[in-house]
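Colleague: dropping the sequence and predicted coords here.
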Amino acid sequence: MKRIGVFVCHCGTNIAATVDVAHVAEVAKAMPNVAFATDYKFMCSEPGQEEIRKAIKEYNLNGVVVAACTPRLHEPTFQKALERSGINPYLLEIANIREQCAWVHSKEKAAATDKAVELVRMAVAKASKNVALYSTDVPVNKRALVVGAGIAGMQAALDIADSGHQVVLLERESTIGGKMVMLDKVFPTLDCSA
Amino acid sequence: MVAASQHPNITMMTWSEVEKVDGYIGNFDVTIRQKAKYVDYDKCTGCGLCETKCPKKVNSEYDLGLGKRKSIYKPFAQAVPNKPIIDHKSCRKINEDKCGVCEKICPVGAINYDDEDKLVTERFGAVVMATGYDLFGWQEAYGEYGYGKYPDVITGLHFERMSNASGPTDGKILRPSDGTEPKTVVFIKCVGSRDEAKGKSYCSRACCMYTAKHAHQVKEKIEDSEAIVFYMDVRTPGKSYEEFYQRALDDGAVYVRGRVSKIYKQGEKLIVRGEDSLIGKQVEVEADMVVLATAMVPSIGSAKIASTVGFATDKDGFFQESHPKLRPVETFTAGVFLAGACQGPKDIPDTVAQASAAAVKVCGLFSKDNLATDPMISTVNESICSGCAICQPVCPYGAIEMKNIEERAQGKTIERQVASVNKGLCQGCGSCTVACRSGAINLQGFTNEQILAEVDAVCL
């Protein structure tokens, strides 16, 4: 039996100025498998994550939907919050109601709220089918390849090498230095470029 | 440069290019093409005798055609490594089987005309891309500046070569056409930058500052000179930058706000016609030399190496970072990091900062012996896999191999082929799941069942 918690984020006014977040949370309560739903100003903040942690314990949740920004931004944040609460991080689902809803529909508030509800409904349906996933370990070969030996390549190679790791500094020309060696004095200090 | 060449942990591979990259974060197998140098670096002492005796002269790439080099050459006297290569395109021995002077004169027998490219494969845990920039080809785009047919219309980089003490003019600013000292030098900023019609939409970020430096150098090096800068805006957002620009003004550089519409030749002079938009009038300057601050564009070959290593580029061909604010030195390919102007135009302070940031990311990765892989990857249901192998060419990461399994069917043991996913290589893109005709491949975390549940939730 799935017990899913839905957490709707205001993102300050980023989402809440367009989407009726309290309404979204209210509708979510009646969705299949949803055991708990709430909204909060900044879900990614310490108190926001604490809400998630508390609800996982209190309602014995085994699925979490966070309706907030793009997963590219905070999916790892919330996955860690799940992990800290003792459940598998892959039981998390993100409904992107900021980039894919509030920001693109800022002039149509009612329709944006309806869309947010639908995005949450989809995420809940997916979370109902989520299973725990486990990563495997691969070994790390501690040698770095730096492609290009101009200023950037030489600096990166030196910093990595100074940390005690082996570096191969690759350069397509017959000398290292890149464009730098063509320059005279450089701004703002007017010292030599080499 | 010398610090990098002398560091015990750094192996330099010059005159080399990346040929092929296999593997994944922590375990990249990189094939490197070591181009033929025709000089045995183990024997060569870098004495330079060959270079002085080589009879063939061609234009020097490092001096941008302002000076000459030999066929066997070091790009410049302080090159690192300080040993020459033979340019096989111009060498008379390699092309015509004549000459051979360098072989005769080399005291240690380091010359080898039969040298060939070598391919070596090595394993790396991380890759830092630092391929830099090139200059926008203004000659094709800006006909009004003469399509490159006036020798005294040069780029900022040409100016650098002349101003450089080890350059072709020993640090003197001279007109390429007749070698005389220019008295009036006009600088034009934003040639190719911030010009969507003819060039690029972006700002190249370093030009305002190096133009201020050039104007300062003209005033400093040439007596009774005039430095006139045509600009759209003066952008000096950096520590001590605005003060530097003010110093150029104090030196007597004249800044004219407006674009240059035409450059043409009149006798020995270049007539630069533009507008001063602050007084709303046309202006004309009789110049001896014009220096263009041309846009930075991705280094030649950027697109090719991006596809070889396997990461994305942006709309202008610069290498795409994972996130413009939060992950500026990572690519979407785990274990591949970015440093310097290959990611976008930037000046030296920013380049150094970004390179150190990329190095820290590499060191962070190397602080672990093992790395947890993302479990959101493809899995094959062997019982329904028909072994058709259609998924194999679809995979952009080469993560699918075919393997043989044994099965009991109708009382007999049969052997058949099925697809198998390499967990390290798979990046979870899902291409194979769509290509699979029998629906045998699923992406964990995005299974067909999960996606259909989403569709049902929104449609039913």
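Modeller: Sure thing, it's come through.
Colleague: let me see the contact set for whichever residue of chain A sits closest to chain B.
Modeller: Closest approach between chain A and chain B, counting by CB to the nearest CB: A:Ala152, at 2.6 Å. (Each C-beta comes from the backbone N, C-alpha and C, glycine too.) Contacts for A:Ala152 (CB atoms under 8 Å, 6 or more residues apart in numbering or on different chains) come out as B:Ala130, B:Gly132, B:Ala339, B:Gly340, B:Ala341, B:Cys342, B:Thr351, B:Val352, B:Gln354, B:Ala355, B:Ala358.
Colleague: list the buried ones in the lengthiest helix in chain A?
Modeller: Taking residue count as the measure and DSSP state H as the definition, the longest helix of chain A comes out as helix A:109-129. If you call a residue buried by 16 or more other CB atoms under 10 Å in any protein chain shown, then helix A:109-129 has these buried ones: A:112-129.
Colleague: near chain B, anything from that helix?
Modeller: Yes: residues of helix A:109-129 contacting chain B under CB under 8 Å from any CB of the partner chain: A:Glu118, A:Arg121, A:Met122, A:Ala123, A:Val124, A:Ala125, A:Lys126, A:Ser128, A:Lys129.
Colleague: how much space is there between A:Ser163 and B:His7?
Modeller: Remark: distance between A:Ser163 and B:His7 (CB to CB, to the nearest Å) = 11 Å.
Colleague: please read the previous query as pertaining to A:Glu99.
Modeller: Relative to B:His7, and taking CB to CB, A:Glu99 is found at 44 Å.
Colleague: which residue ranges make up each domain of chain A?
Modeller: With automatic domain parsing as the criterion, the domains of chain A are listed as A:4-129, A:143-192.
Colleague: please disregard the earlier target; I meant chain B.
Modeller: B:2-127, B:133-297, B:299-366, B:378-459.
Colleague: reformat those domains as JSON lines; add distance to chain A, mean neighbour count and mean pLDDT.
Modeller: As requested, those are arranged in JSON lines below (distance: least, CB to the nearest CB, whole Å; neighbours: other CB atoms under 10 Å in any protein chain shown; pLDDT from 0 to 100):
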{"stretch": "domain B:2-127", "distance to chain A": "4", "mean neighbour count": "17", "mean pLDDT": "95"}
{"stretch": "domain B:133-297", "distance to chain A": "4", "mean neighbour count": "19", "mean pLDDT": "96"}
{"stretch": "domain B:299-366", "distance to chain A": "3", "mean neighbour count": "20", "mean pLDDT": "95"}
{"stretch": "domain B:378-459", "distance to chain A": "4", "mean neighbour count": "16", "mean pLDDT": "92"}
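Colleague: and A:Val146, that's in a strand?
Modeller: Yes: with DSSP: H, G, I helix; E, B strand; the rest coil as the criterion, A:Val146 is part of a strand.
Colleague: identify the bridge partners of it.
Modeller: A:Leu169, B:Val128 (DSSP bridges).
Colleague: and the pLDDT at it?
Modeller: At A:Val146 the predicted local distance difference test score is 98.
Colleague: all helices of chain A, in order?
Modeller: Along chain A, the stretches classed as helices by DSSP H are A:21-28, A:46-58, A:71-84, A:109-129, A:151-162.
Colleague: just the C-alpha atoms of the longest one, please, in PDB.
Modeller: Extracted C-alpha coordinates of helix A:109-129, given in PDB (Å, rounded to 0.1, in the frame of the first residue of the first chain):
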ATOM      1  CA  LYS A 109      -3.900  32.400 -12.700                       C
ATOM      2  CA  ALA A 110      -7.000  30.100 -12.600                       C
ATOM      3  CA  ALA A 111      -5.700  28.000 -15.600                       C
ATOM      4  CA  ALA A 112      -2.300  27.800 -14.000                       C
ATOM      5  CA  THR A 113      -3.800  26.500 -10.800                       C
ATOM      6  CA  ASP A 114      -5.700  23.800 -12.700                       C
ATOM      7  CA  LYS A 115      -2.500  22.900 -14.600                       C
ATOM      8  CA  ALA A 116      -0.600  22.600 -11.300                       C
ATOM      9  CA  VAL A 117      -3.200  20.300 -10.000                       C
ATOM     10  CA  GLU A 118      -2.900  18.100 -13.100                       C
ATOM     11  CA  LEU A 119       1.000  18.100 -12.800                       C
ATOM     12  CA  VAL A 120       0.700  17.000  -9.200                       C
ATOM     13  CA  ARG A 121      -1.900  14.300 -10.200                       C
ATOM     14  CA  MET A 122       0.600  12.900 -12.700                       C
ATOM     15  CA  ALA A 123       3.400  13.000 -10.200                       C
ATOM     16  CA  VAL A 124       1.300  11.200  -7.600                       C
ATOM     17  CA  ALA A 125       0.400   8.500 -10.100                       C
ATOM     18  CA  LYS A 126       4.000   8.000 -11.000                       C
ATOM     19  CA  ALA A 127       5.100   8.000  -7.300                       C
ATOM     20  CA  SER A 128       2.500   5.300  -6.700                       C
ATOM     21  CA  LYS A 129       4.600   3.000  -9.000                       C
END
